[in-house]
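A.B. asks: show me the folded form of this:
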Amino acid sequence: MNILITSPRAPVVLDWMRVFADADKTVLCDSLRFPLAAFAARSNPRVRYCRIPPPRYDFAGYAAAMRGLVAEADFVVPTCEDIFYLAHVPLSESEREKLFMPPRTLLLGLHDKWRFFDYLPRDTAVRLPHTRRLASADDIDWAAAGRSVFKPVYSRFGRRVLVSPRPDALENLHISAAEPWVQQQRIAGKPLCSYAVCERGRVAAQVVYDPMYLVNGSASTYFRRADEPRIHDFVTEFAVKNTFHGQAAFDFIDDGRGIYVIECNPRATSGIHLLAGALSYSGSLKSWQFNPERVQTNAAVSKKMWRLFAWQARREKTCREVWADYAAARDVLADISARDLALSMGELAWIAWRKGIALSDASTADIEWNGDAP
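C.D. replies: Next up, the predicted model:
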């Protein structure tokens, strides 16, 4: 079986490669020169890296490259925001059947922080926060602004999110019909995340986890499995309601009285780090196999980061407690050498410097999708 996995710049691809370890051939494709997971291609003769044009800046070139790669593959796993561009690539029905992703209308709707509520089940224990779409500053509920979270309908890494902002901060926002925002009820509580692999309306595997040790207050680097049946039931109902096919990830907040769903990511997220050792795919049967007893308890993007987070968490935890967390976790980057990691991060740092943007922005600059037609 020949597998195509996109955007090996993301650590999640390392674990998707584990899932398909028995594949005859795995092709990784990205627009970067040194994407993180592509270094595996040098040591594994069954893995090949193919550099392709960036979809955000050269969609025609990207589409042509992807048509060729999809034609050679038996199964395609998109992982990052390139999935939204792949949804626009003209493919035959038989070729599109290879893509492990939902139909374009559903995919794009779930990426929208306002429209995704339309696809959620209403008869579960999970609650929906009060949310309103803003097409101009006139749409803001000023009386509730201090108890609200404001964010663009298309955003990532918590970028541009305002929590209980001052009125003057809202007055400077550029809100329009072309670039809408949402105003969402602020829920104070414990964040939780879920990640599921779904097959045409059936949840093949899922996990709920605590996102811990955050970068920039939003992107977690440590993941601890959690037991939350209400979320499992919610995801199961979501998959059935939408006959969902692909990867579905949700962000929640538990305020102690109920669980609220606040965002959806219809693509790969860090939950795969906990599921990968328990998940496999049969090419002959064209179905997933999942052993819940093998789900990882803890995983960390890199154990080398523990000192950084020991400093950040010094008010809540001791260094010994932080070290204990990291010592108990599987290191996602354990097989990536210091040299390879430096090359990968160095390329992103160069992009950030050249464009005058943050490193996190540089990591998605050429693949992020903000609602524009490619």
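A.B. asks: please make it C-alpha for all contacts and neighbour counts, starting now.
C.D. replies: Fine.
A.B. asks: now the element after the helix or strand bottoming out on mean pLDDT in the chain, going C-ward?
C.D. replies: In the chain, no helix or strand scores lower on mean pLDDT, DSSP states H and E than helix 306-312, which sits at a mean of 55. Per DSSP states H and E, the first helix or strand lying C-terminal to helix 306-312 is helix 319-327.
A.B. asks: now do the buried residues in that following helix.
C.D. replies: 322-323, 325-326 (16 or more other Cα atoms under 10 Å).
A.B. asks: how about stretch 231-251?
C.D. replies: 231-232, 234-240, 244-251.
A.B. asks: so what's the gap between it and the chain middle?
C.D. replies: In terms of Cα atoms, centre = their mean, to the nearest Å, the centre of stretch 231-251 is found 15 Å from the chain centre.
A.B. asks: dump it to CSV, restricted to CA.
C.D. replies: Extracted in CSV, the C-alpha atoms of stretch 231-251 (Å, rounded to 0.1, in the frame of the first residue of the first chain):
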residue,chain,number,x,y,z
ILE,A,231,-16.8,14.4,25.3
HIS,A,232,-16.6,10.9,23.9
ASP,A,233,-20.4,10.8,23.4
PHE,A,234,-20.4,14.3,21.8
VAL,A,235,-17.7,13.3,19.3
THR,A,236,-19.6,10.0,18.5
GLU,A,237,-22.8,12.0,17.8
PHE,A,238,-20.9,14.5,15.8
ALA,A,239,-19.5,11.8,13.5
VAL,A,240,-22.9,10.2,13.1
LYS,A,241,-24.7,13.5,12.4
ASN,A,242,-22.3,14.5,9.6
THR,A,243,-21.3,11.0,8.3
PHE,A,244,-17.8,12.4,9.1
HIS,A,245,-14.8,11.0,7.4
GLY,A,246,-11.3,12.1,8.4
GLN,A,247,-9.8,13.7,11.5
ALA,A,248,-11.9,15.7,13.9
ALA,A,249,-10.5,17.7,16.8
PHE,A,250,-12.3,19.9,19.3
ASP,A,251,-11.4,22.4,22.1
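A.B. asks: hmm, who's touching that stretch?
C.D. replies: Residues outside stretch 231-251 that contact it (Cα atoms under 8 Å, 6 or more residues apart in numbering) are 100-102, 119-121, 124-126, 191-203, 206-208, 261-269.
A.B. asks: switch the cut-off to 7 Å
C.D. replies: 100-102, 120-121, 124, 126, 192-203, 261-269 (Cα atoms under 7 Å, 6 or more residues apart in numbering).
A.B. asks: which of those residues are buried?
C.D. replies: Buried among the contacts of stretch 231-251 by 16+ other Cα under 10 Å: 100-102, 120-121, 126, 192-203, 261-269.
A.B. asks: mind checking which of those land in strands?
C.D. replies: 126, 192-199, 202-203, 261-265 (DSSP state E).
A.B. asks: and what about the residue lying farthest from the centre of the chain, helix, strand or coil?
C.D. replies: In the chain, the residue that sits farthest from the middle, by Cα atoms, centre = their mean, is A143; the gap is 33.3 Å. Three-state assignment for A143 (DSSP: H, G, I helix; E, B strand; the rest coil): helix.
A.B. asks: gap between it and R202?
C.D. replies: Per Cα to Cα, to the nearest Å, A143 is found 42 Å from R202.
A.B. asks: quick one: low-confidence ranges for the stretch 201-350 of the chain?
C.D. replies: Regions of the stretch 201-350 of the chain meeting the criterion pLDDT under 70 cover residues 215-218, 285, 303-318.
A.B. asks: okay, helices next: where are they in it?
C.D. replies: Using DSSP state H, counting those that start in this stretch, the helices of the stretch 201-350 of the chain run over 229-242, 272-275, 306-312, 319-327, 338-355.
A.B. asks: so which of these is nearest A65?
C.D. replies: Nearest of those to A65, taken as Cα to Cα: helix 338-355 at 22.3 Å.
A.B. asks: who does the very next helix or strand once past the closest one touch, helix- and strand-wise?
C.D. replies: Counting by DSSP H and E, the next helix or strand C-terminal to helix 338-355 is helix 359-362. Here helix 359-362 touches helix 338-355, going by 3 or more Cα pairs under 7 Å, 6 or more residues apart in numbering; DSSP states H and E.
A.B. asks: next, the buried residues of the helix it packs on.
C.D. replies: 340-341, 343-345, 347-349, 351-352.
A.B. asks: so how far is P211 from R230?
C.D. replies: From R230 over to P211 (counting by Cα to Cα), the distance is 18 Å.
A.B. asks: quick one, which of those two is more surrounded?
C.D. replies: When neighbours are counted by other Cα atoms under 10 Å, R230 and P211 differ, and P211 comes out ahead with 23 against 14.
A.B. asks: ok, the more buried one to R104 distance?
C.D. replies: 29 Å.
A.B. asks: could the buried residues of helix 319-327 go into TSV alongside distance to E93?
C.D. replies: Below are the buried residues of helix 319-327 laid out as TSV (distance: Cα to Cα, whole Å):
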residue	distance to E93
V322	50
W323	50
D325	47
Y326	45
